[in-house]
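Novice: Just the structure for this:
(one chain, ligands or ions: 1)
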Amino acid sequence: MEKKQQENHKGQFGSNIGFLMAAVGSAVGLGNLWGFPYKMGANGGFAFLVLYLILVVLVGYVILMTELALGRRTGKGVVGAYETLSKKYAFIGWMGAIAPWMILSFYSMLGGYCIKYAIANLGDLFGAGWGVNGQDSGAFFGEFTSDMLQTVIFSLIFVILTVLVVRGGVSGGIEKFTSIAMPALFVMLVIVIIRSVTLPGASAGIEFMFKPDWSAFEGTGWITVLSVAGGQMFFSLSLGMAIMIAYGSYIPKEQSLERSALVIPFADTIIAIMAGLATMPAIFASGLEPGQGPGLLFITLQTVFNSMGKFGPIFGFLMYGLVFIAAITSSISLLEGITAVAMDKAIEKGKKPNRKKYATMLGISIAITASLVSIDGLGANGFPQFFGQSTWLDSIDLISEGILMPLGACYCAIVIPTAWVDEEVTLNGNKFRTKRFYDFCIKFVAPVMMVIILLGQLDSFFGLGMFS
Ligand code: PFF
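Specialist: Residues are numbered from 1 along each chain as shown. Model prediction:
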């Protein structure tokens, strides 16, 4: 009955591999492609990677399993899932629904930037007037980002594409799209890596990423590194909000949750490292320094492509194309997370959950917020700024990624009964092999880590220097 209900109403993944593609697609996003390699290089290299992996296992794995189990057990999106546990926890659900809605505003803008850059590189390939045409990358970027009309148009294209996939449903839209897009992303990534690591001077980039730098851990440095790695892990795995709960609610009961909770972080981490190999060696080979934030992706990398001669535009097109794929498979999951909440509310009222209608309505609201973030032009257009940040993107990121996500994950670790997870994981005679490990980590390690991450995020956003 429960299964039938899910099928009739909100949808279900058709196969385990389809679900994994969608979940890995959600996890692999802008966070992996430039956040990870840069943070790894700047925070201890190989030492950071080791710490990151430990966090993935001790915290990411258990929270991911909890969220997937909560979703599948209740068959609901984030708000309904927490309400099923207790009405008094509804607020956790709403926090988990607001965060993706906020993230979508800047994610769509950055996704729009990727479309623009993929097209511009294509233009260069054909020697067209709409290419980068050898202009200085910083100037090209500045001109584009402060051109309100253009950035709004590209953001809207990205929102429309996201809405179209989500309107297609779980198996007919999300699963179908991600099952083609993720392998394509992988192939494109491999091609770019081969070029990047074979450039003369590429080894400096590999060294930047992997050279163990224990000095980053000295004094209270380890707390900073821990919180950077934790924040990254957790954004990268799409945890602490609506996403994995919604996707969990579409997993058929016979599939093993334990295996999925292992595969998703594993794939996400491998792709993050591969992203580093695609970018860092090329950046160093061109004699550039990796910078943080959008500049790394859109200025530094474009400079690299400009300097690669006639093959540059091909690699530029491949790179921005693959970042676009990574971004859209994540934005699809963000929109699905909140569409699921709207559909649940309709079902509660005895109405038919009209997926197409809700996805479109929410898409329109995001089109508005994405347009607003776009016209800010990363702070270049002189609008007032908030919370001591220099762009609207950063302010929204502060509230969503900096506060709501870690809080959501912390609550998730504390309030979801381990017995629920146990029952869900062992359905259909599946064994819960890591049960003791899970119980220990979810009770003791995850909540403590979430608090450290929360403090670390606030520290870095406000430059408080708490840990320095
Ligand atoms: N995991 C995505 C990334 O690494 O870019 C971003 C993201 C997607 C965060 C979905 C949160 C989320 F719910």
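Novice: of all of the stretch 251-400 of the chain, which residue lies closest to the ligand?
Specialist: residue 330 (3.9 Å; Cβ to the nearest ligand atom). Every residue, glycine included, has its C-beta placed from N, CA and C.
Novice: these two touch, right, that residue and residue 26?
Specialist: Yes. Residue 330 lies in contact with residue 26 (Cβ atoms under 8 Å); the separation is 5.4 Å.
Novice: shared neighbours, these two?
Specialist: residue 238 (Cβ atoms under 8 Å, 6 or more residues apart in numbering).
Novice: dump the residue contacts of residue 312.
Specialist: Residues in contact with residue 312 (Cβ under 8 Å, 6+ apart) are 121, 124, 304-306.
Novice: repeat that for 7 Å
Specialist: 305-306 (Cβ atoms under 7 Å, 6 or more residues apart in numbering).
Novice: Get me the contact residues on the protein for the ligand.
Specialist: Counting by Cβ under 6 Å from any ligand atom, the chain comes close to the ligand at 26-27, 29-32, 100, 235-236, 238, 241, 243, 330, 333-334.
Novice: now with 8 Å?
Specialist: Within reach of the ligand by Cβ under 8 Å from any ligand atom, the chain has these residues: 26-33, 35, 99-100, 103, 107, 235-244, 268, 326-327, 330-331, 333-334, 337, 401, 405.
Novice: Determine the number of other residues adjacent to the nearest residue to residue 210 once chain neighbours are set aside.
Specialist: Nearest non-adjacent residue to residue 210, counting by Cβ to Cβ, 6 or more residues apart in numbering: residue 46, 4.9 Å away. Look at residue 46: counted by other Cβ atoms under 10 Å, it has 14 neighbours.
Novice: Quick check: pLDDT value at residue 46.
Specialist: Predicted confidence (pLDDT) at residue 46: the value is 89.
Novice: That one is in contact with residue 212, isn't it?
Specialist: Yes. Contact criterion Cβ atoms under 7 Å: residue 46 and residue 212 qualify, at 4.2 Å.
Novice: any idea of the mean pLDDT in stretch 63-77?
Specialist: 97.
Novice: Revised request: answer the last question for stretch 314-331.
Specialist: Across stretch 314-331, pLDDT averages out at 97.
Novice: Would you mind writing the CA trace of that stretch as CSV?
Specialist: Output in CSV follows, covering the C-alpha atoms of stretch 314-331 (Å, rounded to 0.1, in the frame of the first residue of the first chain):
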residue,chain,number,x,y,z
ILE,A,314,37.6,22.9,-26.8
PHE,A,315,38.8,22.3,-23.2
GLY,A,316,37.1,25.4,-22.1
PHE,A,317,33.8,24.2,-23.5
LEU,A,318,34.3,20.8,-22.0
MET,A,319,35.1,22.2,-18.6
TYR,A,320,32.3,24.7,-18.4
GLY,A,321,30.0,22.1,-19.9
LEU,A,322,30.8,19.6,-17.2
VAL,A,323,30.5,22.2,-14.4
PHE,A,324,27.1,23.1,-15.8
ILE,A,325,26.1,19.4,-15.6
ALA,A,326,27.4,19.2,-12.1
ALA,A,327,25.4,22.3,-11.1
ILE,A,328,22.2,21.3,-12.8
THR,A,329,22.0,17.8,-11.3
SER,A,330,22.4,19.5,-7.9
SER,A,331,19.9,22.3,-8.6
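Novice: buried sites along that stretch?
Specialist: Judged by neighbour count using 16 or more other Cβ atoms under 10 Å, the buried positions of stretch 314-331 are 314-331.
Novice: still on that earlier bit, if we ignore the residues flanking it in sequence, what's nearest the residue of the stretch 251-400 of the chain closest to the ligand?
Specialist: Closest to residue 330 by Cβ to Cβ, 6+ apart is residue 29, at 3.4 Å.
Novice: Now tell me which helix or strand of the chain has the poorest mean pLDDT.
Specialist: Lowest mean confidence among the helices and strands of the chain (mean pLDDT, DSSP states H and E): helix 2-9, at a mean of 48.
Novice: For stretch 101-120, which outside residues touch it?
Specialist: The contact list for stretch 101-120, computed with Cβ under 7 Å, 6+ apart, reads 30, 130-132, 144, 151, 154-155, 157-159, 294, 298, 302, 317, 320-321, 323-324, 327-328, 330-331, 334-335, 338, 366, 369-370, 373-374, 393, 396-397, 399-400.
Novice: repeat that with 6 Å
Specialist: Stretch 101-120 has contacts (Cβ atoms under 6 Å, 6 or more residues apart in numbering) with 30, 131-132, 154-155, 157-159, 317, 320-321, 323-324, 327, 331, 334, 338, 366, 369-370, 373-374, 393, 396, 400.
Novice: Among those residues, name the buried ones.
Specialist: For the contacts of stretch 101-120, buried by 16+ other Cβ under 10 Å: 30, 131-132, 154-155, 158-159, 317, 320-321, 323-324, 327, 331, 334, 338, 366, 369-370, 373-374, 393, 396, 400.
Novice: what about the residue lying closest to residue 297 once chain neighbours are set aside, how many residues close to it?
Specialist: Nearest residue to residue 297, sequence neighbours excluded (Cβ to Cβ, 6+ apart): residue 34, at 4.7 Å. The number of residues packed near residue 34 is 25, by other Cβ under 10 Å.
Novice: So residue 382, which state does it fall into?
Specialist: Classification of residue 382 by DSSP: H, G, I helix; E, B strand; the rest coil places it in coil.
Novice: Residue 352 versus that one, what's the distance?
Specialist: Remark: distance between residue 382 and residue 352 (Cβ to Cβ, to the nearest Å) = 47 Å.
Novice: cool, and residue 196?
Specialist: According to Cβ to Cβ, residue 196 and residue 352 sit 50 Å apart.
Novice: So for these two, which residue has more residues nearby?
Specialist: Neighbour comparison, residue 196 and residue 352: the larger count goes to residue 196, with 24 against 11 (by other Cβ under 10 Å).
Novice: Now the phi/psi pair for that one, please.
Specialist: phi -60, psi -50 (degrees, to the nearest 10).
Novice: begin at 48 from here
Specialist: Yes, from this point I'll number from 48; that puts the last item at residue 243.
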